[in-house]
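J.: give me the fold of what follows.
(one chain, ligands or ions: 1)
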Amino acid sequence: MNHFSVILGKPFGALLESAGTERELGLVEPEMLQELVRKHRVVVLRGFRPFEKKEELVAYARRWGPLLSWNFGDVLDLEVHDSPKDYVFTPGSVPYHWDGAFAEHVPTHQVFQCVKAPVAGGRTVFCDTGLVLDALPESLRRTWEGIKITYRKDKTAHYGGHITAGLVQSHPHTGEPILRYAEPLDPDAFLSPLFLEVEGLPDDLTPEAFFSDIEKRLYDPEVAYHHTWQDGDYVITDNHALLHGRTAFGAGSARHLRRVHVL
Ligand SMILES: [Fe+2]
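T.: Residues are numbered from 1 along each chain as shown. Below you'll find the model as predicted:
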């Protein structure tokens, strides 16, 4: 008996809808979902009973693997703060990045629960970096493979510091080529800026030209999926294969997501 249907998204992603209402997410085997996430990168689960307590979300996510704990605990409440110290807690946009860049271990999966969807905007944007690499001209691909980027950010929230990462890396579980990239954040536009230093650019490619070219490629509709949240959505992602960001939303529009990281 089918308890749910799977609808494929464009250009990637899958929506798994519960056939009945208020079914338990726990009835969907993590092993089956892990396979779907490996294949489709993002899986949206809709029509399931919302977990009321954070502990329920944590208990479910633990079935996927050990969790990455932060200084605030296992669950990040993504919502607007009254006096935010970091841009993620404002209603502003969040440019592309991967989670855990500054952490000791990069989490494999993000597990989100949408407690309250915004009325408009506040979409999460995912970029399938394998698709970006597939579309690159051969010579540019070779250039990108030689690039290393140093990222610097003050620790204004639970993350920050100073790391150097190759732009093209291998997916730690599948070995597929992936991109690791976080967009620069201008101090004039963002509460907590991110500075990039790019090594390995050929003489005829300035950092500015590189930034604008990669931006165009990462936001190409052929490689990006915009998720419009609905109350109660669960979203599970492959944090190694994807980059993600967010569009801005109205300051008065409540938006509350919970997020757990699975290592
Ligand atoms: Fe993030």
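J.: strands of the stretch 1-150 of the chain, residue ranges please.
T.: In chain order, the stretch 1-150 of the chain shows strands spanning 4-8, 14-18, 42-46, 76-78, 94-97, 109-116, 124-128, 148-153, with DSSP state E, counting those that start in this stretch as the criterion.
J.: right, and those - which one's nearest P66?
T.: strand 109-116 (11.2 Å; CB to CB). Using the backbone N, CA and C atoms, a C-beta is placed for each residue, glycine as well.
J.: what packs against the closest one?
T.: Judged by 3 or more CB pairs under 8 Å, 6 or more residues apart in numbering; DSSP states H and E, strand 109-116 is in contact with helix 54-62, strand 234-238, strand 256-262.
J.: include mean pLDDT, mean neighbour count and distance to Q169 when you put the ones you listed into CSV, please.
T.: Below are these laid out as CSV (pLDDT from 0 to 100; neighbours: other CB atoms under 10 Å; distance: least, CB to CB, whole Å):
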stretch, mean pLDDT, mean neighbour count, distance to Q169
helix 54-62, 97, 17, 25
strand 234-238, 98, 24, 14
strand 256-262, 98, 21, 18
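J.: of these, which is nearest L136?
T.: With CB to CB as the measure, strand 234-238 is the member of the helices and strands packed on strand 109-116 nearest L136 (20.0 Å).
J.: next SSE after that closest one?
T.: Later in the chain than strand 234-238, the nearest helix or strand by DSSP states H and E is strand 242-246.
J.: and that following strand, how far from the chain's centre?
T.: Distance of strand 242-246 from its chain centroid, counting by CA atoms, centre = their mean, to the nearest Å, is 4 Å.
J.: what do you get for stretch 46-61?
T.: With CA atoms, centre = their mean, you get 19 Å for stretch 46-61.
J.: any idea how far apart the tips of that stretch sit?
T.: 17 Å (CA to CA, to the nearest Å).
J.: can you redo the helices and strands packed on strand 109-116 as TSV with distance to L179?
T.: Below are the helices and strands packed on strand 109-116 laid out as TSV (distance: least, CB to CB, whole Å):
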stretch	distance to L179
helix 54-62	25
strand 234-238	13
strand 256-262	20
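J.: K85 is nearest to which of those?
T.: Across the helices and strands packed on strand 109-116, closest to K85 is strand 256-262 (CB to CB), at 18.1 Å.
J.: thinking again about what came up before, so which of the strands of the stretch 1-150 of the chain comes closest to D233?
T.: Closest among these, using CB to CB: strand 109-116, at 4.2 Å.
J.: coming back round to it: now distance to Y234 too, for the strands of the stretch 1-150 of the chain, in TSV please.
T.: Formatted as TSV, these follow (distance: least, CB to CB, whole Å):
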stretch	distance to Y234
strand 4-8	12
strand 14-18	9
strand 42-46	4
strand 76-78	14
strand 94-97	20
strand 109-116	6
strand 124-128	13
strand 148-153	29
